[in-house]
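Q: need a structure here:
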Amino acid sequence: MATEDRDACPHDEGEQPSVGAGNFEISDRAEQIIQRHGEALKDGRLPAKVYNDEEIHQAELRRIFGQNWVFIGHETEIPEPGDYSQRYIGKDPFIFVRGEDDEIRVLFDSCTHHGSKLCRAEQGNSSHFRCPYHGWTFKNTGDLAGIPLKHQAFDNLDPSEWGMSAAPRVENYKGMVFASLAEDGPSLEEYLGDFKWYLDIHLDIAKGGMEVIGEPHRWRADSDWKSGSDNFSADSYHTGVAHRSVFEVGFGSEEISGTAGQETQRHVTHIDSGSTSLRLLKPEDEIYFGYPKEYVDTSKLSDAQADVAAACGAATATVFPNLSFIHLAATNDPDKDLDGFLSLRQWQPAGPGEMEAWSWVLAPAAASDEYKQRAYDVALGTFSPSGNFEQDDFAVWDGIADAAGSVYAEQSNFEMNYQMGLEQASSASIDEDFQGPGVAWDTNLEEGTCRTFHGNWHKAMSGEDVGMSYPEDHL
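A: Next up, the predicted model:
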């Protein structure tokens, strides 16, 4: 971590570094940025520096990714014993694997001998992981199974004490696997809280549930990971500007996609670890995100959830810290009908002002192979590294990180405006009749959803629990 010289040298008598969540020491400067962030957010302002700063990045890895539940993958990616994929929590490498005992684990990708990474392939199927350095071999359950020349070199070593390390906590919510590096804390269900009401709509709407189609797309970008989480929290204000060319050539419906000012949209926040945007059309249309009726099953949903699903053409959401999703009816060809797909997004921190984006495509498990391929193709043409919508977002997000990393932004304490929806800024009002949990606005001309994300960021960076409660003064 880059620090000032005074932090690299012995402290003067009486001077102590700041200590925050997880006993991770950071500089007074970083603590001041975090404190200023919390104070400014109450007025709908945001210090730009948090989007590109080495000390803030290092603190995020420990205070956010080292403490909270982080999405690892979907169980349908590793359906058979021995199936595995490389995954990350923050920047830490893990192996997402289904063991021979059919249990899903999240194993730390490091040999317990001299620490080399064990997994050299992005994904595959294997009964064992063998270290390329000295040959120590581990079962896919993490147990140490073989040591070259053991009786000469390690005759007294107990293999049961030197198995692979694992994420302290791993939990599965309806096929979605999360892990936490913190030994203690709220359970995953407690962490998700009321947001489960919305998450269930997306996971339970299809016959047979949802399954991952193909491999996740991955690409690097000169953008901060928070830009993705912020945007998918429900930034509809950008849709008619950044994505204007998509509508002009007929690749999207403005009514479904939710350009600014439409009364069909609801922004919902104050729901523990997440916030969401729902594009609600006429219920009698029964659009169900564009899925053919034969693939829809609402038997697991409440009447209120089923009503939302029937009227919803598209939705975006973010679960803190870096899991987002978009569920919508779209097309990759103006001459073809709209078809539905669910895309899970993960914004992986790669450095200050840098990230690696991951994108999974999901479709109803009971759908035909033909429909699954169609859903995949539509996702590829809209929200993928080469997708029409995706390219628009990344074309502007890098400018945020570039400006945030400037000397001027730091010296002037440059702040961005996040006031839309606050009383002093706009006329957005709360929809008291909305049946779901949280606070719902009657228009997408508000930024309470984005303030929800940044409020949780501030809580996590201040050492407070995320996903249990949320102060109304940030709404």
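
Q: and the helix or strand harbouring E190, how far out from the chain's middle?
A: Element membership for E190 (DSSP states H and E) is helix 188-192. Relative to its chain's centre, helix 188-192 lies at 15 Å (CA atoms, centre = their mean, to the nearest Å).

Q: helices or strands up against the following helix or strand past that helix?
A: Remark: after helix 188-192, the chain's next helix or strand is helix 196-204, criterion DSSP H and E. Counting by 3 or more CB pairs under 8 Å, 6 or more residues apart in numbering; DSSP states H and E, the packing neighbours recorded for helix 196-204 are strand 265-271, strand 274-280, helix 303-311, strand 312-319. No exception for glycine: its C-beta is placed from N, CA and C like everyone else's.

Q: how about a markdown table for the ones you listed, with mean neighbour count, distance to W347 and mean pLDDT added?
A: As requested, the helices and strands packed on helix 196-204 are exported to a markdown table (neighbours: other CB atoms under 10 Å; distance: least, CB to CB, whole Å; pLDDT from 0 to 100):
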| stretch | mean neighbour count | distance to W347 | mean pLDDT |
| --- | --- | --- | --- |
| strand 265-271 | 27 | 19 | 69 |
| strand 274-280 | 27 | 14 | 79 |
| helix 303-311 | 18 | 26 | 93 |
| strand 312-319 | 27 | 9 | 90 |
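
Q: Name the surrounding residues that touch the helix holding E190.
A: Helix 188-192 has contacts (CB atoms under 8 Å, 6 or more residues apart in numbering) with 68-69, 171, 173, 178, 180, 185, 196, 199, 272-274, 319, 466-468.

Q: likewise stretch 88-96?
A: Here stretch 88-96 makes contact (CB under 8 Å, 6+ apart) with 60-61, 64-66, 70, 72-73, 77-78, 84-87, 104-110, 117-119, 129, 167, 177, 179, 181, 348-350.

Q: gap between the two ends of stretch 438-446?
A: 15 Å (CA to CA, to the nearest Å).

Q: if I read this right, A404 contacts L46, doesn't it?
A: No: using CB atoms under 8 Å, A404 and L46 do not qualify as a contacting pair, with a distance of 10.1 Å.

Q: now the stretch 251-400 of the chain, which segments are flagged as low pLDDT?
A: 251-266, 270, 281-284, 387, 389, 391 (pLDDT under 70).

Q: can we see that at 50?
A: Within the stretch 251-400 of the chain, the set of residues satisfying pLDDT under 50 comprises 256-257.

Q: which residues in it form helices?
A: All helices of the stretch 251-400 of the chain, identified by DSSP state H, counting those that start in this stretch, fall at 254-257, 303-311, 369-382, 388-404.

Q: What residues of the longest one count as buried?
A: Of the residues in helix 388-404, those buried by neighbour count under the rule 16 or more other CB atoms under 10 Å are 388-394, 397-398, 400-401, 403-404.

Q: One more: stretch 207-218?
A: So for stretch 207-218, counting by 16+ other CB under 10 Å, buried means 209-213, 216-217.

Q: Good, we can wrap up now.
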